[in-house]
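>>> I would like the atomic coordinates for the input below:
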Amino acid sequence: MTRILIFLAIFTATLGLHAQTYQEQLKAIRSTVVEKKEGKSYYIHTVKKGQTLYMISKAYGVEVNDIIAENPGVKEGLKADQTLHILFPAQKEETVNKPVTLTRKPESVSQKPAVVTPDPAIVSCGSDTGCRSKNYKVVLMLPLYLEEVEAMKPEAATEEAVTNWNSLKYLPFYEGFRIAVDSLQKQGLHLTLHVYDVGKDTAKTKLLLKKPEIRSADLIIGLLFAKNFQMVAKFAHDNRIPLVNPLSERSEITRENDMVFKTNPSRSFMLDDLAEYMQKKMYRAQILIVRNGQYKDKDIPEKLKKACQEKSLNALIVEGQDVAIGKLSKSKENVLVAFTDNNVYALELMRRFYELRNEYNINLIGLPDWDKIEGLETDFLNGLNAHMVSPSFVDYSDPGVKKMVLRYHLQFKTDPEPLAFEGFDAGYYFLSALMKFGKQLPQCIQDFRLKTTATSFEFVRGNNNSNNGFENRYWSVYKYEGFKLLKVN
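A predicted model of the protein is given here:
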């Protein structure tokens, strides 16, 4: 329930968030009351509903452990109207609200009497400092259902009621995005963030697009329903504002709109990436593509076979499990690619081929979304050297992931959901690109690589058409090895 209370507090404030920068919000939290005790100076802070130790520590420029040391009672949890003594940080007090400034090497000055201004389209990416801004304006549009917040009663809610609250469905994306903003502000990002609740009502969206702060935005990121996205996409195209769509799988949204960036990769790229991986790691293998008559996408086995043949791989389509067993080779490695979204079929397939693992060298590749199938036996997955392909993969042993999870715990008192990682990655990647390229972002995004937590980004033009927007083409391939999940591409 702590997280729900935080949500209520955050989004009561979010209605006016677009008028405040993050630093201004921190400044507003700080108390002006200072008392001396035993020769030391303390801020006297009264906790408000929804505030967290992490939030308070950032406001005063101290560590969370420093607050706990002076106020041991907070280990039991913060309470509204609780009084905290926060040691006056003499060395830090002047820098709490001071923005960090990026330092750059001085530009070399030409000694020639005449300077030719280069065409912006051919200027080396990141080299044109005139394309950058001192303060970026970013718009985040989410279906937050704020009109339903007042009806939420967290103190008396059942688990079933909480799962049905619309206002919590997309909240993790916002939370992850906020952590990305906080991280980049420490690296010198100067940002004014405008957050808007955008639901299915197209009339409200039409009015929203008349706001001057949206028309002057440097970047829009929107988790939008289809009709609303069409409206915002046209607006973004007409006003030359990059628009990021983190949800849609449809390539059509990039058509004839060079300002749209689709982060969720299409299935066609999945097949290309898988074929490329097999070419590098399994090029001598016999690849058996098992066609399942119940699988909804009837053409996908043929598409994968074609992608394999283009890479000179030995690929064969087989009709069902019995035929696949009859085609197994004892002299070659057998790569079994199975397309299904049916739990029973997947479990039966794994059981049958697991029994043959000592007679044949078998690698199983489950597509698509096998990572979402319930009841997969870990012994089967390891015994068959099972591979999965997914748009995202979280390696919880990675130091960057550990850091993000820790910050999420401190700020929101719960574990990050997959949508939180997506929010963090989209925010961190695109805001970093904005810092580096400014208005050159659309021209430079295809060459921009950045390590994120779950989703990797590798953008290409839709259908290689310069009039189209950009699609992320990267799929993660990972495998079960030693009862661990390892990313292998």
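>>> all strands in the stretch 151-300 of the chain, in order from the N-terminus.
When secondary structure is read from DSSP state E, counting those that start in this stretch, the stretch 151-300 of the chain shows strands at 191-197, 219-222, 243-245, 260-262, 286-291.
>>> make that the stretch 351-489 of the chain, sorry
362-367, 387-390, 459-461, 470-472, 476-481, 484-487.
>>> hey, C-alpha coordinates of the first one in PDB?
Listed in PDB are the C-alpha atoms of strand 362-367, where the atom choice follows Å, rounded to 0.1, in the frame of the first residue of the first chain:
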ATOM      1  CA  ILE A 362      19.600 -30.800 -29.700                       C
ATOM      2  CA  ASN A 363      19.300 -27.100 -29.300                       C
ATOM      3  CA  LEU A 364      15.700 -25.800 -28.900                       C
ATOM      4  CA  ILE A 365      14.700 -22.300 -29.900                       C
ATOM      5  CA  GLY A 366      11.200 -21.300 -28.700                       C
ATOM      6  CA  LEU A 367       9.400 -18.500 -30.600                       C
END
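>>> Begin at 14 from now on, thanks
Right, with 14 as the first residue, what we last looked at is strand 375-380.
>>> Export the strands of the stretch 364-502 of the chain to CSV and append columns for distance to Val46, mean pLDDT and mean neighbour count.
In short, each C-beta sits where N, CA and C put it, glycine included. As requested, these are arranged in CSV below (distance: least, Cβ to Cβ, whole Å; pLDDT from 0 to 100; neighbours: other Cβ atoms under 10 Å):
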stretch, distance to Val46, mean pLDDT, mean neighbour count
strand 375-380, 60, 90, 23
strand 400-403, 51, 90, 24
strand 472-474, 51, 94, 18
strand 483-485, 50, 96, 23
strand 489-494, 51, 88, 19
strand 497-500, 51, 84, 14
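>>> of those, which approaches Arg263 most closely?
Of all the strands of the stretch 364-502 of the chain, strand 483-485 sits nearest to Arg263, with 10.1 Å by Cβ to Cβ.
>>> returning to what we had before: for Leu369, find the nearest of the strands of the stretch 364-502 of the chain.
When these are compared for distance to Leu369 using Cβ to Cβ, the nearest one is strand 375-380, at 6.8 Å.
>>> just checking, what packs against that closest one?
helix 280-294, strand 347-352, helix 356-367, strand 400-403 (3 or more Cβ pairs under 8 Å, 6 or more residues apart in numbering; DSSP states H and E).
>>> So for Asp428, which of the strands of the stretch 364-502 of the chain sits nearest?
Comparing these by their distance to Asp428 (Cβ to Cβ), the top pick is strand 497-500, with 17.1 Å.
>>> Centre of the chain to that closest one, how far?
When distances are taken as Cα atoms, centre = their mean, to the nearest Å, strand 497-500 is centred 20 Å away from the chain's centroid.
>>> helices or strands next to that strand in the packing?
For strand 497-500, the elements it packs on are strand 489-494, judged by 3+ Cβ pairs under 8 Å, 6+ apart.
>>> any idea of the angle the strand it packs on forms with helix 280-294?
Using axes from the mean of the first three to the mean of the last three Cα atoms, to 10 degrees, one finds that strand 489-494 and helix 280-294 are set 50 degrees apart in direction.
>>> Give the pairing partners of strand 489-494; include direction for each.
Using DSSP bridges, the strands paired with strand 489-494 in its sheet are strand 400-403 (antiparallel), strand 497-500 (antiparallel).
>>> Could you export it as PDB, CA atoms only?
Listed in PDB are the C-alpha atoms of strand 489-494, where the atom choice follows Å, rounded to 0.1, in the frame of the first residue of the first chain:
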ATOM      1  CA  SER A 489      17.700 -10.100 -27.600                       C
ATOM      2  CA  VAL A 490      18.600 -13.800 -27.900                       C
ATOM      3  CA  TYR A 491      19.300 -15.500 -24.600                       C
ATOM      4  CA  LYS A 492      19.800 -19.100 -23.500                       C
ATOM      5  CA  TYR A 493      19.500 -21.300 -20.400                       C
ATOM      6  CA  GLU A 494      23.000 -22.500 -19.300                       C
END
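>>> for the most centrally placed residue in the chain, what are its contacts?
The chain has Glu435 as the residue nearest its centroid, 1.9 Å off, counting by Cα atoms, centre = their mean. Under the criterion of Cβ atoms under 8 Å, 6 or more residues apart in numbering, the neighbours of Glu435 are Phe186, Gly189, Pro259, Thr276, Ser405, Ala467, Thr468.
>>> Run a quick neighbour tally on the second one.
Think Gly189. Neighbour count of Gly189, defined by other Cβ atoms under 10 Å: 29.
>>> Please apply the same query to the fifth one.
Neighbour count of Ser405, defined by other Cβ under 10 Å: 20.
>>> Verify the contact between it and Thr465 for me.
No - with contacts defined as Cβ atoms under 8 Å, Ser405 does not count as touching Thr465, sitting 9.3 Å away.
>>> wait, what's in contact with the residue lying closest to Asn395 once chain neighbours are set aside?
Nearest non-adjacent residue to Asn395, counting by Cβ to Cβ, 6 or more residues apart in numbering: Tyr493, 5.0 Å away. For Tyr493, the set of contacting residues under the criterion of Cβ under 8 Å, 6+ apart consists of Thr391, Leu394, Asn395, Asn398, Ala399, Leu499.
>>> Check what pLDDT the fourth one gets.
It refers to Asn398. Note for Asn398: predicted pLDDT of 92.
>>> Do I have it right that it meets Leu377?
Yes - in this structure, Asn398 is within contact of Leu377 by Cβ under 8 Å, at 6.8 Å.
>>> quick revisit: list residues touching both of Ser405 and Thr465?
With Cβ under 8 Å, 6+ apart applied, the overlap between the contact sets of Ser405 and Thr465 consists of Asp438.
>>> pretty sure Phe393 contacts Tyr367?
Yes - Phe393 sits in contact with Tyr367 when judged by Cβ under 8 Å, with a separation of 4.8 Å.
>>> Show me how the protein divides into domains.
According to automatic domain parsing, the chain comprises the domains 15-100, 146-278+411-488, 280-403.
>>> Out of those domains, which gets nearest to Gly139?
Here domain 146-278+411-488 is closest among the domains of the chain (Cβ to Cβ), at 5.2 Å.
>>> hey, where'd the helices end up in the stretch 364-502 of the chain?
Under the criterion DSSP state H, counting those that start in this stretch, the stretch 364-502 of the chain carries helices at the ranges 391-396, 412-425, 431-450, 454-457.
>>> I should have written the stretch 14-163 of the chain there, sorry.
Going by DSSP H, counting those that start in this stretch, the stretch 14-163 of the chain shows helices at 15-27, 35-42, 66-73, 77-83.
>>> Let me see the contact set for Lys275.
Listed by Cβ under 8 Å, 6+ apart, the contact partners of Lys275 are Asn258, Ser261, Ser264, Ile266, Thr267, Gly475, Gly482, Phe483, Glu484, Asn485.
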